[in-house]
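Peer 1: Coordinates for the following, if possible.
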Amino acid sequence: MSDPEETGSKMTPLARNALGVLVVSCVVLTALEFVIHRHAYFETEGRPLFFAVYGFAAFLIVVGGGVLLRKLVMRAPDYYDTQEDNDA
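Peer 2: Model (predicted):
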């Protein structure tokens, strides 16, 4: 793998701390998912990690829809080039 110093993807200390807090909170909430009893209305809501899987599926649908929408409305790369620019 390449060194982060070479690729220019060095994280700031604030970003590193924010990422650490996010990872720790995800681990804690995932562990609590198996301990806390939920009073679910539907049976599937009571299953462990249901909301995590449901949220991830929704994320994939939104991103996939965005990719399809981009292909539908994307303009040609030379859309803003004028005829004068092409002649010169």
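Peer 1: Please, which helix or strand holds the residue most central in space within the chain?
Peer 2: In the chain, the centroid-proximal residue (Cα atoms, centre = their mean) is residue 59; its distance is 7.0 Å. Counting by DSSP states H and E, the element that carries residue 59 is helix 50-73.
Peer 1: Could you break the protein into its assigned domains?
Peer 2: Here the domain parsing of the chain from automatic domain parsing is 1-36, 41-79.
Peer 1: would you list those in a markdown table and tack on mean pLDDT?
Peer 2: Compiled in a markdown table, those are given as follows (pLDDT from 0 to 100):
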| stretch | mean pLDDT |
| --- | --- |
| domain 1-36 | 84 |
| domain 41-79 | 92 |
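Peer 1: how close does the residue nearest to the centre of the chain get to residue 74?
Peer 2: The spacing between residue 59 and residue 74, counted by Cβ to Cβ, to the nearest Å, is 22 Å. (Each C-beta comes from the backbone N, C-alpha and C, glycine too.)
Peer 1: What number of residues are in the vicinity of residue 33?
Peer 2: Residue 33 has 15 neighbouring residues, counting by other Cβ atoms under 10 Å.
Peer 1: rewinding a little: what are the buried residues along the helix holding residue 59?
Peer 2: Neighbour counts over helix 50-73 (16 or more other Cβ atoms under 10 Å) mark residue 50 as buried.
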